[in-house]
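Visitor: starting from these lines, generate the structure:
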Amino acid sequence: MQLLHRHPHTEIIFATARSAAGQPLAEHYPTLIDLPLIADEEADPATVDVAFLCLPHGAAAATACRALEAGARVIDLSADFRLHNPEDYLRWYNQEHPYRDLLREAVYGLPELHREQIRTARLVANPGCYPTSVILALVPLVRAGLLDNDTVIVDSKSGISGAGRGVALKTHFGERHENFSAYSIGRDHRHIAEMEQETGLRIIFSPHMLPVFRGILSTMYVQVTPGTLPAAMYAAFEMYANEPFVHVLPEGRLPELRHAVHTNHCVIGLQAVAIERGEYILISVEDNLIKGASGQALQNMNLMFGLDETTGLL
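Guide: Purely as a prediction, here's the structure:
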């Protein structure tokens, strides 16, 4: 909402809520935006050019269908349209996908990989926060044919805002302060599906919850062709040379959370472990609430409406 409020070419027509319907937005979020929250059924999607859906997984698809039928374009921040194969929803979300035709139409909203499709899309599936950091780091190596093993171990740490605003014991201050823990490790986390879809790799994933509010740091352990020099690794990342929001650090420097938090940037670094064995470590950082969610959604909107991609984000 704050990004849209500051954007020079957007006007917020309505914002919906369930339990908070009828109350001002400012009562629930630290914002000076004077906007009443309305119930879902009171929202008329025919009055907007684009609808951003921030609904739970499984609940967004029907609303997306209604908005598209009314002539609005849709940017969905849930997982309801991220996976191309409807059978994957049974595997990862334990439910049948109700709108298979729309699923075939949806574009995975990672601009650095799918910019041209996003420009003409009616329905964009905004990527998950963990997948954004991982996919952007791994795809250059996949495209350059440098990987010598199609299984990659990914170790990610996220701020607690990634868990949402719902009340849960694990996100209480007393549980997180001076604490650090892993969850859904191995092959359990739902975001693995996106990572594998976009990279073609097999991912072993260990997410962790950091005692900070925002930010993601992902560490990837990769096996490339033995003898591959750092220069060849960096050459693969030249695909991002003209990208406004992806930055690759020079050799010898590794990214930290503070390189990316409160921005729409993803910052990537790499380190050779044993060149003769082809062992490298990649590190990727982003703000899970911006490049991992709302900022990327705004980046997609700019593309969909022919605006400069960076508008409202720099």
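Visitor: for the chain, what's the longest helix?
Guide: What stands out as the longest helix in the chain, according to DSSP state H, is helix 129-143.
Visitor: report the angle between the helix or strand just after it and helix 129-143.
Guide: Where DSSP states H and E defines the elements, the next helix or strand beyond helix 129-143 is strand 151-158. Counting by axes from the mean of the first three to the mean of the last three Cα atoms, to 10 degrees, strand 151-158 lies at 150 degrees to helix 129-143.
Visitor: using CSV, list the CA coordinates for strand 151-158.
Guide: Taking Å, rounded to 0.1, in the frame of the first residue of the first chain, the C-alpha atoms of strand 151-158 are listed here in CSV:
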residue,chain,number,x,y,z
THR,A,151,21.0,-31.6,-6.9
VAL,A,152,21.7,-28.4,-5.0
ILE,A,153,21.6,-27.9,-1.2
VAL,A,154,20.0,-24.5,-0.3
ASP,A,155,20.2,-23.1,3.2
SER,A,156,18.0,-20.0,3.7
LYS,A,157,17.4,-17.7,6.6
SER,A,158,14.4,-15.4,6.8
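Visitor: and it, which residues are buried?
Guide: Of the residues in strand 151-158, Val152, Val154, Asp155, Ser156, Lys157, Ser158 count as buried by neighbour count, 16 or more other Cβ atoms under 10 Å. To be clear about C-beta, it is placed using only N, CA and C from the backbone, and glycine gets the same treatment.
Visitor: again with stretch 97-117
Guide: Within stretch 97-117, the residues that count as buried by 16+ other Cβ under 10 Å are 97, 99, 102-103, 106-114.
Visitor: tabulate the residues you listed (a markdown table), appending pLDDT.
Guide: What follows is those, written out as a markdown table (pLDDT from 0 to 100):
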| residue | pLDDT |
| --- | --- |
| His97 | 93 |
| Tyr99 | 93 |
| Leu102 | 94 |
| Leu103 | 95 |
| Ala106 | 98 |
| Val107 | 98 |
| Tyr108 | 98 |
| Gly109 | 98 |
| Leu110 | 98 |
| Pro111 | 98 |
| Glu112 | 98 |
| Leu113 | 98 |
| His114 | 98 |
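Visitor: hey, where'd the helices end up in the stretch 101-250 of the chain?
Guide: If DSSP state H, counting those that start in this stretch is used as the criterion, the helices of the stretch 101-250 of the chain fall at 111-120, 129-143, 173-176, 192-199, 230-236.
Visitor: so which of the ones you listed is the most packed in?
Guide: The highest average neighbour count among the helices of the stretch 101-250 of the chain, using mean count of other Cβ atoms under 10 Å, belongs to helix 129-143 at a mean of 25.
Visitor: remind me what that helix packs against, helices and strands.
Guide: With contacts taken as 3 or more Cβ pairs under 8 Å, 6 or more residues apart in numbering; DSSP states H and E, helix 129-143 sits against helix 111-120, strand 151-158, helix 192-199, strand 202-209, strand 216-223, helix 230-236, strand 266-274, strand 279-286.
Visitor: would you reformat those as CSV and include distance to Val139?
Guide: As requested, these are arranged in CSV below (distance: least, Cβ to Cβ, whole Å):
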stretch, distance to Val139
helix 111-120, 6
strand 151-158, 12
helix 192-199, 6
strand 202-209, 13
strand 216-223, 11
helix 230-236, 9
strand 266-274, 11
strand 279-286, 11
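Visitor: out of the ones you listed, which gets nearest to Ala144?
Guide: Proximity to Ala144, assessed across these by Cβ to Cβ, is greatest for helix 230-236 (3.8 Å).
Visitor: helices or strands next to that closest one in the packing?
Guide: helix 129-143, strand 266-274.
Visitor: tell me the angle the first one makes with helix 111-120.
Guide: It refers to helix 129-143. 100 degrees.
Visitor: ok now helix 129-143, how far from the chain's centre?
Guide: When distances are taken as Cα atoms, centre = their mean, to the nearest Å, helix 129-143 is centred 11 Å away from the chain's centroid.
Visitor: with the last one instead?
Guide: Averaging C-alpha positions (Cα atoms, centre = their mean) puts strand 266-274 20 Å from its chain's average.
Visitor: pLDDT of it, averaged?
Guide: For strand 266-274, mean pLDDT rounds to 98.
Visitor: ok, Met195 - contacts?
Guide: Tyr130, Pro131, Val134, Ile135, Leu138, Val154, Leu201, Ile203, Phe205 (Cβ atoms under 8 Å, 6 or more residues apart in numbering).
Visitor: hang on, the earlier thing: between the buried residues of stretch 97-117, which is nearest Thr225?
Guide: Using Cβ to Cβ, Leu113 is the member of the buried residues of stretch 97-117 that sits closest to Thr225, with 23.1 Å.
Visitor: quick check, the closest one in contact with Val139.
Guide: Yes: using Cβ atoms under 8 Å, Leu113 is in contact with Val139, at 6.4 Å.
Visitor: Pro86: neighbour count?
Guide: Other residues lying near Pro86 total 14 when counted by other Cβ atoms under 10 Å.
Visitor: quick one: contacts for Arg6?
Guide: Gly312.
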